[in-house]
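K.L.:
take this sequence and fold it.
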Amino acid sequence: MCLRLLTMTITIWGLAAVAPGQAPTRTQKSTGATLTLPDGWSWTSQFGDSVSIKLPLEVKGRKEEATGNLFTSPGRFVGARIDELRLDSTENPRGYVGFKVKEKQRFAKQRNVVFISYVKKRGSEPERLYDRRHWIWRNGGVLFEWREEVRKEASGTAARGFYSAQRSMKFTTPDGKKPPDKIRDYPNQRVRYKIHADWDWNKGKEGSSVRLPDGQHLLFVALTETIVKGQRKRLGIILQSVTTPGTLRQVIEANQRSLRQGWEEVKDFEVREKIPFQGEKATLVTFTGINSNASKSERFFSDWYVFKHKKNVFLWNEFGPEKAKKTAVKQLKKARNGLKPY
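P.N.:
Prediction:
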């Protein structure tokens, strides 16, 4: 696992102004994550764009230290990180006492954040207890994870310092990088797509106007997550196009086998014609099975909406775990509504 680490070490020994000679704000160039020092905090590292600050803390005459770290990982999803922590908690119970996961929390101005908390035991005679908290979310194709840790006895004292640090963080588009496309237009294929805020581009040529010649093309792949019985599951959509003089029925008959390529134990195979789909009449091909690129223990659904518009036949594919299909109806509908043939 490759994580970019921004470190924040927090100690609270009184509220002083920002230390002389220290810039009050730092921004990580690769992600746009910015932290402005609250009163009394100082940077622990004077080099690079790492965010590392400290503020002493005293509890019952003893000096303690609270820490906070921001990890970033491009391309990863929240569910994968939760599964990783959950597995760690089963393999090392002493380090994850009272492991809890809460969905739909907030962090600064970020919404739909996962909050994970537990107590970490260290040492012996005497045993030391530490509160550890994670806030995990995805933004602009990057996984963010803010992690706080403090001696359990000092949690109350550190709370205000953590709160100030969280409120001092902002997340913007990194310098020199364009924000992800909200709309991709394909003029030659006569179709455009506006991606919903809950989804992220995964594959496909970038740009607000993507000019592709006649032929067969993968226009894009987009991914998101849905929650099923407290667990996050991945959903995906794929849009392909092919220039052809053939009829829709001819294309379906010629490609039924290829639609099932990479699938095993296929069940519930069904073909339905003249299904309304974004202003067009589509043929729906639907089935469930074991995907060769995924876990062999989990069945997936695959729904193909195939329609012809102008000179192109389009293949819109929705896929995800079979047990997530009912809960994903609204998310898939939102994704579908972004497609506009013209």
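K.L.:
can you tell me how far the residue with the largest distance to the centre of the chain sits from residue 153?
P.N.:
Distance from the C-alpha centroid of the chain peaks at residue 61, with 42.7 Å (C-alpha atoms, centre = their mean). Using C-beta to C-beta, to the nearest Å, residue 61 is found at 12 Å from residue 153. All C-beta spots, glycine's among them, are computed from the backbone N, C-alpha and C.
K.L.:
so who does residue 334 touch?
P.N.:
By C-beta atoms under 8 Å, 6 or more residues apart in numbering, the contact list for residue 334 reads 196, 198.
K.L.:
so it: helix, strand or coil?
P.N.:
At residue 334 the chain is in helix, as set by DSSP: H, G, I helix; E, B strand; the rest coil.
K.L.:
show the pLDDT at it.
P.N.:
What the model reports for residue 334 is a pLDDT of 94.
K.L.:
same check, this time on residue 13
P.N.:
Looking at residue 13, its pLDDT reads 41.
K.L.:
do the one 10 residues further on as well
P.N.:
At residue 23, the predicted lDDT confidence score is 75.
K.L.:
again, but for residue 300
P.N.:
Looking at residue 300, its pLDDT stands at 96.
K.L.:
what's the spacing between the nearest residue to it once chain neighbours are set aside and residue 108?
P.N.:
Excluding the flanking residues, the one nearest residue 300 by C-beta to C-beta, 6 or more residues apart in numbering is residue 291, at 5.0 Å. Look at residue 291 and residue 108: by C-beta to C-beta, they are 37 Å apart.
K.L.:
what's the answer for residue 137, then?
P.N.:
Taken as C-beta to C-beta, the span from residue 137 to residue 108 is 10 Å.
K.L.:
thinking again about what came up before, check contacts around the residue nearest to residue 300.
P.N.:
When the contact criterion is C-beta under 8 Å, 6+ apart, the partners of residue 291 are 262-264, 300, 319.
K.L.:
then residue 290?
P.N.:
263-265, 296, 298-300.
K.L.:
which other residues reach the longest strand belonging to the chain?
P.N.:
The longest strand of the chain (DSSP state E) is strand 263-277. Outside of strand 263-277, the residues within contact range by C-beta under 8 Å, 6+ apart are 252, 256, 260, 281-292, 299, 302, 305, 307, 316, 336.
K.L.:
neighbouring strands - and their directions - for that strand?
P.N.:
Strand pairing for strand 263-277, using DSSP bridges, gives strand 280-291 (antiparallel).
K.L.:
got the buried residues for the partner strand?
P.N.:
By 16 or more other C-beta atoms under 10 Å, the buried positions in strand 280-291 come out as 280, 282-285, 287-291.
K.L.:
out of the residues you listed, which one sits closest to residue 143?
P.N.:
residue 291 (23.2 Å; C-beta to C-beta).
K.L.:
show me the beta-bridge partners of the closest one.
P.N.:
Here residue 291, judged by DSSP bridges, has bridge partners residue 263.
K.L.:
distance of it relative to residue 221?
P.N.:
14 Å.
K.L.:
can you check residue 199 too?
P.N.:
Residue 199 is 10 Å from residue 221, by C-beta to C-beta.
K.L.:
and for these two, which residues touch both?
P.N.:
Contacts common to residue 199 and residue 221, judged by C-beta under 8 Å, 6+ apart, are residue 237.
K.L.:
roughly how far apart are the closest residue in space to residue 185 that isn't next to it in sequence and residue 208?
P.N.:
Of all residues not flanking residue 185 in the chain, residue 192 sits nearest, at 4.1 Å (C-beta to C-beta, 6+ apart). To residue 208, residue 192 is 9 Å away according to C-beta to C-beta.
K.L.:
also residue 285?
P.N.:
Using C-beta to C-beta, we find residue 285 at a distance of 31 Å from residue 208.
K.L.:
hmm, back to that, least confident of the contacts of residue 291?
P.N.:
Lowest pLDDT among the contacts of residue 291: residue 262, with 87.
K.L.:
many thanks, I have nothing further to ask.
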